[in-house]
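> Here you go, sequence then predicted model.
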Amino acid sequence: MGCSCWPGSSSKRSANKNMSKEKKNNISSNKSRPHAQTQASSDELKVCAYKTVTKEEVAKDDQLSVDVKHLNLNDDISKDGYSRNRAQPFTFEELTAATANFQSDCFLGSGGFGKVYKGFLEKTKQDVAIKQLDRNGLQGIKEFVVEVLTLSMVEHPNLVKLIGFCAEGDQRLLVYEYMPLGSLENHLYDLSPGQKPLDWNTRMKIAAGAAKGLEYLHVKLDPPIIYRDLKCSNILLGEGYHPKLSDFGLAKVGPSGDKTHVSTRVMGTYGYCAPDYAMTGQLTFKSDIYSFGVVLLELITGRKAIDNARERDEQNLVAWARPMFKDRKNFSRMVDPLLQGQYPVRGLYQALAIAAMCVQEQPNMRPAVSDVVMALNYLASQKYDPSNHVHSSRKSMPSSAMNMDDDKKPVSEHELDSC
C-alpha cells in the first residue's frame with residue numbers, strides 16, 4: 001500500500017544548522033530543559049535526570065503517568081485535560097504489527113521528533129500515522145509528554161487528532177489520524193513532475209483553516225495555549241485540502257491575569273520565530289501571530305521562510321517582503337509564479353495586508369487571532385473564477401474585519417480592527 005508524505009525533514013527545529021544562533025538567544029535565567037531519554041535496566045527504570053523510578057512503581061502506574069509525575073511540566077501545559085480525555089495506550093507490539101515492523105515502504109518522513117510511518121490498526125480498521133521518538137534526536141520525553149497532554153485536552157476540526165500513544169520501556173510513539181495529503185510544505189515547494197500547484201482558492205482555504213485552529217488554542221481553550229511551532233511542515237492536509245495543525249511538543253500555557261508574557265527558553269524554527277521572542281525569551285500569543293504571518297506569506301509568494309539558495313537579500317522571506325509592502329506596484333512581483341497570474345488582484349492586496357500586519361516587528365502592532373480569522377474567512381468565501389479573470393464578488397471586505405478601502409495607501413498602513 002502506497003504511503004503519502006508526512007511533514008518533510010527540510011524544516012528542522014532550533015537544533016538544526018541554525019541552532020547555534022538560537023541558543024545565543026536563550027535567557028540565562030531560564031532553566032535548561034534537557035531532552036529526556038529512558039534506559040531500561042534489570043533493577044530500575046531511569047527517566048533521564050529527573051528521578052529514578054522502580055519497577056514496582058511502573059507496575060502500579062503506566063509509564064506515561066510516571067513520565068508526567070517526574071517531569072516538571074507546571075509551566076508547560078495543564079495536566080487536567082489528560083485525565084478528562086485520555087488518549088488510547090498502545091503496546092509496542094501492536095504498533096510494530098501496524099507498520100509491518102516499521103518497514104521502509106511505510107516510511108513517510110522525519111523531523112525533530114523522529115521518524116514517521118504509515119500504519120494500519122487491525123482492531124479499529126483505520127489508517128494512522130505513527131511517530132517514533134528518536135532517542136538520539138532533537139526532542140525527548142518532555143516534548144512527548146507535552147504532546148500527549150496537549151492533544152488529550154483539545155478537540156477541533158483544524159487540529160490533528162491524537163488517537164493514542166505508546167510509552168513502554170524506552171519506547172515512545174505517538175499515533176495520529178492519517179492525513180492523506182501530507183503537509184502544506186509538500187504542496188508549495190519542490191513539486192514533483194506533474195504535481196499540480198495549489199490554486200488561489202485552496203491557499204486561502206488553508207490559511208483560514210489554520211487560523212481557526214490557532215484561534216481555538218488562543219481564545220477558546222481554557223487554559224489558552226501558545227502553539228510556538230507554527231510552520232508549513234506542521235500544517236497537515238486531509239481530503240479536500242482541509243488543514244490541521246500538528247506537532248504540539250513545544251506548546252506552552254499562555255500568560256494569565258495581569259501577566260503579559262511567559263519567560264521561556266527560545267524554541268521554534270528559524271525564519272518563523274518572532275524577533276521579539278528570539279531576542280528576549282518573552283513568549284506571547286503575538287509570537288504565534290508572527291509565525292502565522294510568515295506562513296501566509298509563503299502561501300502567497302511560494303517562497304520559503306528561509307531559502308539559502310536565493311540571493312542574499314532575498315533569503316529571509318520577511319526581510320525581503322517588508323520593503324515590498326510599501327508600494328502596491330510590487331505586489332504582482334510578490335505572488336507565486338506557479339499561480340500563472342490566476343489570482344484576484346483585490347484579494348491579493350487584502351491577503352498581503354493581513355500578512356503585513358502579522359509580521360510587524362512590534363508585537364502590540366500585530367492583530368489578534370480572531371481578527372485574522374474574520375479577515376481570512378471573508379477572503380476564503382470570495383471564490384476566484386480563473387475563467388472570468390475577475391473576482392467573483394466586487395464587495396469590499398467588511399470594515400469589521402479590515403479597512404482596505406483606500407488603495408492609495410501602502411498595505412503596511414492598513415490595520416485590522418479589533419473585535
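Yep, that arrived.

> Do you have the strands of the stretch 101-250 of the chain handy? List them.
Applying DSSP state E, counting those that start in this stretch to the stretch 101-250 of the chain gives strands spanning 107-110, 114-121, 126-133, 162-168, 171-177, 225-226, 235-237, 243-245.

> Any buried residues in the first one, and which?
Taking 16 or more other Cβ atoms under 10 Å as the neighbour-count basis, strand 107-110 is seen to contain the buried residues Leu108, Gly109, Ser110. Any C-beta I mention is one placed from the backbone N, CA and C, and that applies to glycine too.

> can you check the third one too?
With burial defined by 16+ other Cβ under 10 Å, the residues of strand 126-133 counted as buried are Asp127, Val128, Ala129, Ile130, Lys131, Gln132, Leu133.

> mind exporting that strand as PDB, just the C-alpha atoms?
What follows is strand 126-133, C-alpha atoms only, in PDB (Å, rounded to 0.1, in the frame of the first residue of the first chain):
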ATOM      1  CA  GLN A 126      -8.100   2.500  10.300                       C
ATOM      2  CA  ASP A 127      -5.000   4.100   8.700                       C
ATOM      3  CA  VAL A 128      -2.800   6.000  11.100                       C
ATOM      4  CA  ALA A 129       0.400   7.900  11.200                       C
ATOM      5  CA  ILE A 130       2.900   6.700  13.800                       C
ATOM      6  CA  LYS A 131       5.800   8.900  15.100                       C
ATOM      7  CA  GLN A 132       8.600   7.100  16.800                       C
ATOM      8  CA  LEU A 133      10.800   9.100  19.100                       C
END
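
> What about Lys329, how many residues nearby?
8 (other Cβ atoms under 10 Å).

> Help me confirm that it is found in a helix?
Yes: according to DSSP: H, G, I helix; E, B strand; the rest coil, Lys329 belongs to a helix.

> In terms of helices and strands, where is Pro367?
Using DSSP states H and E, Pro367 sits within no helix or strand.

> Okay, it and Met357: tell me how far apart.
As judged by Cβ to Cβ, to the nearest Å, Pro367 and Met357 stand 5 Å apart.

> same thing with Glu168?
47 Å.

> Which one's more surrounded, these two?
Using other Cβ under 10 Å as the criterion, Glu168 and Met357 rank with Met357 on top: 24 against 21.

> Could you check how far the closest residue to Gln342 other than its chain neighbours is from Val318?
Leaving out its chain neighbours, the residue that sits closest to Gln342 by Cβ to Cβ, 6 or more residues apart in numbering is Pro386, at 4.3 Å. Distance of Pro386 to Val318, given as Cβ to Cβ: 29 Å.

> Same question for Tyr343.
21 Å.

> Now for the residue lying closest to Lys231 once chain neighbours are set aside: which residues touch it?
Among residues not flanking Lys231 along the chain, Tyr272 sits closest, at 4.8 Å (Cβ to Cβ, 6+ apart). Contact analysis of Tyr272 by Cβ atoms under 8 Å, 6 or more residues apart in numbering lists Asp229, Leu230, Lys231, Tyr290, Ser291, Val294, Val295, Ala305.

> Recalculate using a threshold of 7 Å.
For Tyr272, the contacting residues are Leu230, Lys231, Ser291, Val294, Ala305, by Cβ atoms under 7 Å, 6 or more residues apart in numbering.

> Please look at the last one and Val295 and confirm they touch.
No: the pair Ala305 and Val295 does not pass the contact test of Cβ atoms under 7 Å, sitting 8.1 Å apart.

> Ala309: neighbour count?
Count around Ala309 with other Cβ under 10 Å applied: 7.

> pLDDT score for it?
pLDDT for Ala309: 95.

> ok so it is a helix residue?
No: read with three-state DSSP, Ala309 is coil and lies in no helix.

> Can you list the low-confidence ranges for this structure?
Low-confidence segments of the chain, defined by pLDDT under 70: 1-86, 112, 136-139, 257-258, 389-419.

> switch the cut-off to 50
Where the chain drops to pLDDT under 50, the residues are 1-5, 7-61, 70-83, 391-394, 399-400, 402-419.

> Would you map the helices across it?
19-23, 55-60, 63-70, 80-84, 92-98, 141-152, 185-188, 200-215, 275-280, 285-301, 317-324, 331-334, 345-358, 369-381 (DSSP state H).
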